[in-house]
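Undergrad: take a look and give me a structure for this.
(chains A and B)
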Amino acid sequence: MTRTVLVTGVSRYLGARVANTLQADPAVGRVIGIDAVPPKRPLGRTEFVRVDLRTSGIAALIESASVDTVVHLSLVATPAGAGGRMSMKESNVIGAMQLLGACQRAPSVRRLVVRSTSAVYGASPRDPGLFTESMEPHETPKTGYAKDAAEVEGYVRGLGRRRPDLWIAVLRFANFMGPTVDSPLTRYLRMPVVPTVLGFDPRLQFVHEDDGVDVIRRMATSDHTGLYNVAGHGVLLLSQCLRRAGRVELPLPAPLLRYGGGVARQAGLSDFSPEQLALLAHGRVMDCGKLERTLDWTPAHTTAEAYDDFVRTHGDGRNAPVEALDRLTEQLRAVMGR
Amino acid sequence: MTGTDRVVVPITSDGEGHDGTPGGGPGGRRAHGGPGEQGGRGGPGEPPETEAAWERGLATGLALLRRRLTGAYEVDELGFDRELTDDLVVPALRLLYHHWFSVRVRGLEHVPDTGGALLVGNHAGVLPVDALMLGVALYDEHPENRKLRLLGADLVYQLPFLSHLARKSGSTLATPSDAEHLLRAGEIAGVFPEGFKGIGKPFAERYRLRRFGRGGFVTSAIRAGVPIVPVAIVGAEEIYPKIADFKPLARMLGLPYFPITPTFPWLGPLGLVPLPSKWIIEFGEPVRTDGLPPDAAEDPMVVFDLTDRVRGLIQTRLDHLVEERGSAF
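TA: Residues are numbered from 1 along each chain as shown, chains lettered A, B, ... in the order given. Okay, the predicted model is just below:
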């Protein structure tokens, strides 16, 4: 029997990629993609249905199509992306509640894969160097995206208790990175002069967009349950990221940066939130061994490769300090007669 | 020493280099224990002229600078920047180690050549200079030049500059998961179970070990199945003799103590210069944990017992070494 898969958030880049990949999977018979707005990219064989997750229309759709696999990818990261914080919260939390409620009532649903984020672990100086899935965050996220994701995970746990026959997997993704990723972090890393927290150099971990899509497809077509951290191998320090891209670093004391970030957010110049500021000071790295053992899979891109792929597309291909050093080296070589 | 010698002349942008083999590259590392590495290290194919030595040095320096500028170096998952540690942090500490404290080391044969081990030491001296010197001792004097991965208090990771410098030089938070991760990966981890109680104790109570907490370090060692090596460090107590503690200021600054020493804060920055005490670092016979039943890590009796044993071993050696050393300066 082939699967009927419902993918949410299909008008966004990740949703569209996942829908397209699932169509190509022989185990999948039918892919239904839903979103509140029409898709910007062609979805191929995916049947697009315009549904606002915040409404109850989703339950009827799942029932009429006898969906057996639900892939919930709709998670808005920034207020600007959803038209304000209130609407972002509604879309993330109320949307998830409606969807989970519909899954609970529909006997056809057997499999649920939910996209979450490493942001649920928070970022603090008391954090262990590596987070495993069983660890609780030192401070539960109090704002924004991370709080939404933590609440959604809570509702997913609730559903798991009420429907123990459901195979539920929650994927905690590190920051997505790659040529087409547009997130607060990639926008930050693309700034010509990048403000950083003075005296801190966080460890960052990325997952390449292709690996992210691959993991979701593999999870959707398997029946592994539980929480899984997802990231590329290795880490990059923020300073390394900036040097690799030839960006100019502007270290500012934390309070000044917090204030400046607030002003920029008010002015609509940036989406930078307090929890992202904590990430820029303390960093966050997950242990992804459980996922790799479970799926017997390793990500095709390391953290550094994912970042380099991003820089190839978005960098200006210049690195002034390195060019100056290379000129100096050339001159030295010439002087020394080599 | 099996790594193929890296050819130094081409200044390339590849991030490859420090491969973890001690003494792996001709110019990338100094000969441990002294500055005479220029002669006699020419591998096959290297020109024998002495003139080439400084050119080679220059090329190595430029290659290093380029790697740093392009970010093409590697740090491990916990943030350990091997290149920075090898080329900058350890050379700076080495000066202090050899010329200021003239540290004497014993019992290095108790630290395994390969595989994990947990070093447990006594803590003293207001600032964790003892931890740094322990690192240099292992790095320079152990036949396998083992790297010490320190387990530090969370305060370290709250402070600007210190937090990233600590991670880059190989330390991480003293938490069971990180300790086990390092030990299972075959690293040498170092821990000071007395914590602030030990490092901030008054001068009058020097070389009297404080309580060893709940023995979390023992649990981690049992879980990872690695030996515990007790380390007695003599000399750190005298570097900043803490004669008083200005508690109100400490509270204001969020620090565990604000030390008053004979020179600090009276002499300003000059008061930060540690007194040149005589040091002895002694590694004791390992306490093995691999023979214990698997549930021993959860058995408080076993854990407390081992904790006390390790503490007792260190105290005994400390008493002995202090007497043997005689005058502190």
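Undergrad: quick one, longest helix in chain A?
TA: helix A:144-162 (DSSP state H).
Undergrad: now for it, which elements pack on it?
TA: Counting by 3 or more Cβ pairs under 8 Å, 6 or more residues apart in numbering or on different chains; DSSP states H and E, the packing neighbours recorded for helix A:144-162 are helix A:85-89, helix A:95-105, strand A:111-117, strand A:167-173, helix A:274-282. The way it works is simple: take the backbone N, C-alpha and C, and place the C-beta from them, glycine included.
Undergrad: single out the most deeply packed of those.
TA: Of all those, strand A:111-117 carries the top mean neighbour count, a mean of 25, counting by mean count of other Cβ atoms under 10 Å in any protein chain shown.
Undergrad: next, the contact list for residue B:136, please.
TA: B:90, B:93, B:94, B:97, B:103 (Cβ atoms under 8 Å, 6 or more residues apart in numbering or on different chains).
Undergrad: got TSV for these, with secondary structure and neighbour count too?
TA: Rendered in TSV, the data for these read as follows (DSSP: H, G, I helix; E, B strand; the rest coil; neighbours: other Cβ atoms under 10 Å in any protein chain shown):
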residue	secondary structure	neighbour count
B:90	helix	21
B:93	helix	19
B:94	helix	16
B:97	helix	24
B:103	coil	21
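Undergrad: list just the nearest of these to residue A:298.
TA: The closest of those to residue A:298 turns out to be residue B:90 (Cβ to Cβ; 33.3 Å).
Undergrad: got the phi/psi numbers for residue B:229?
TA: phi -110, psi 110 (degrees, to the nearest 10).
Undergrad: residue A:334: neighbouring residues, count only.
TA: Using other Cβ atoms under 10 Å in any protein chain shown, residue A:334 is surrounded by 9 other residues.
Undergrad: so for it, what's the pLDDT?
TA: pLDDT recorded at residue A:334 is 82.
Undergrad: I'd like the contacts of residue B:136 laid out as CSV, including pLDDT.
TA: Shown next, in CSV, are the contacts of residue B:136 (pLDDT from 0 to 100):
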residue, pLDDT
B:90, 95
B:93, 95
B:94, 95
B:97, 95
B:103, 95
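Undergrad: any stretches of chain A with poor pLDDT?
TA: A:1, A:80-82, A:267-272, A:316-317, A:337-338 (pLDDT under 70).
Undergrad: now residue 127. Nearest residue, chain neighbours left out?
TA: Just going to use chain A. Of all residues not flanking residue A:127 in the chain, residue A:138 sits nearest, at 5.7 Å (Cβ to Cβ, 6 or more residues apart in numbering or on different chains).
Undergrad: correction: the question concerned chain B.
TA: residue B:240 (6.6 Å).
Undergrad: the chain: helices as residue ranges?
TA: As the question left the chain open, I've gone with chain A. According to DSSP H, the helices that chain A contains are A:13-23, A:57-64, A:79-82, A:85-89, A:95-105, A:144-162, A:184-189, A:209-220, A:238-245, A:254-266, A:274-282, A:289-295, A:303-314, A:320-335.
Undergrad: wrong chain, I was asking about chain B
TA: Using DSSP H, helices in chain B cover B:51-70, B:82-84, B:90-95, B:129-141, B:154-158, B:162-168, B:176-184, B:195-199, B:216-224, B:247-253, B:300-325.
Undergrad: so is the shortest one next to chain A?
TA: Just to be clear, that refers to helix B:82-84. No - figure legend: helix B:82-84 not in contact with chain A (Cβ under 8 Å from any Cβ of the partner chain); closest approach 10.4 Å.
Undergrad: wait, residue B:263 sits on residue B:274?
TA: No - judged on Cβ atoms under 8 Å, residue B:263 makes no contact with residue B:274 at a distance of 9.6 Å.
Undergrad: higher neighbour count, the two?
TA: Between residue B:263 and residue B:274, counting by other Cβ under 10 Å, residue B:274 is the more crowded of the two (19 against 16).
Undergrad: what pLDDT does that one get?
TA: For residue B:274, pLDDT reads 93.
Undergrad: measure the closest residue to it other than its chain neighbours to residue B:296 for me?
TA: Counting by Cβ to Cβ, 6+ apart, residue B:274 lies nearest to residue B:239, which is 3.7 Å off, once chain neighbours are set aside. Distance, residue B:239 to residue B:296, by Cβ to Cβ, to the nearest Å: 38 Å.
Undergrad: picking that back up, what's the closest of the contacts of residue B:136 to residue B:59?
TA: Checking these against residue B:59 with Cβ to Cβ, the nearest one is residue B:90 at 21.8 Å.
Undergrad: near chain B, which residues of the stretch 1-150 of chain A?
TA: Residues of the stretch 1-150 of chain A lying near chain B by Cβ under 8 Å from any Cβ: A:125, A:126, A:127, A:128, A:129, A:130, A:132, A:135.
Undergrad: can you pick the most crowded of those residues?
TA: Using other Cβ under 10 Å as the neighbour criterion, residue A:129 leads those with 26 neighbours.
Undergrad: that residue and residue B:78 touch, don't they?
TA: Yes - shown here, residue A:129 and residue B:78 form a contact pair, counting by Cβ under 8 Å, at 4.2 Å.
Undergrad: mutual contacts of those two, please.
TA: Joint contacts of residue A:129 and residue B:78 (Cβ under 8 Å, 6+ apart) are A:285, B:167, B:172, B:178, B:181.
Undergrad: picking that back up, most tightly surrounded among the helices of chain B?
TA: Comparing these by mean neighbour count (mean count of other Cβ under 10 Å), helix B:216-224 ranks first with a mean of 25.
Undergrad: could you export it as CSV, CA atoms only?
TA: Written as CSV, here are the backbone C-alpha positions of helix B:216-224 (Å, rounded to 0.1, in the frame of the first residue of the first chain):
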residue,chain,number,x,y,z
GLY,B,216,30.1,13.7,40.0
PHE,B,217,33.6,13.2,38.5
VAL,B,218,33.7,9.6,39.9
THR,B,219,30.3,8.9,38.3
SER,B,220,31.6,10.1,34.9
ALA,B,221,34.8,8.1,35.1
ILE,B,222,32.9,4.9,36.0
ARG,B,223,30.4,5.4,33.2
ALA,B,224,33.2,5.9,30.7
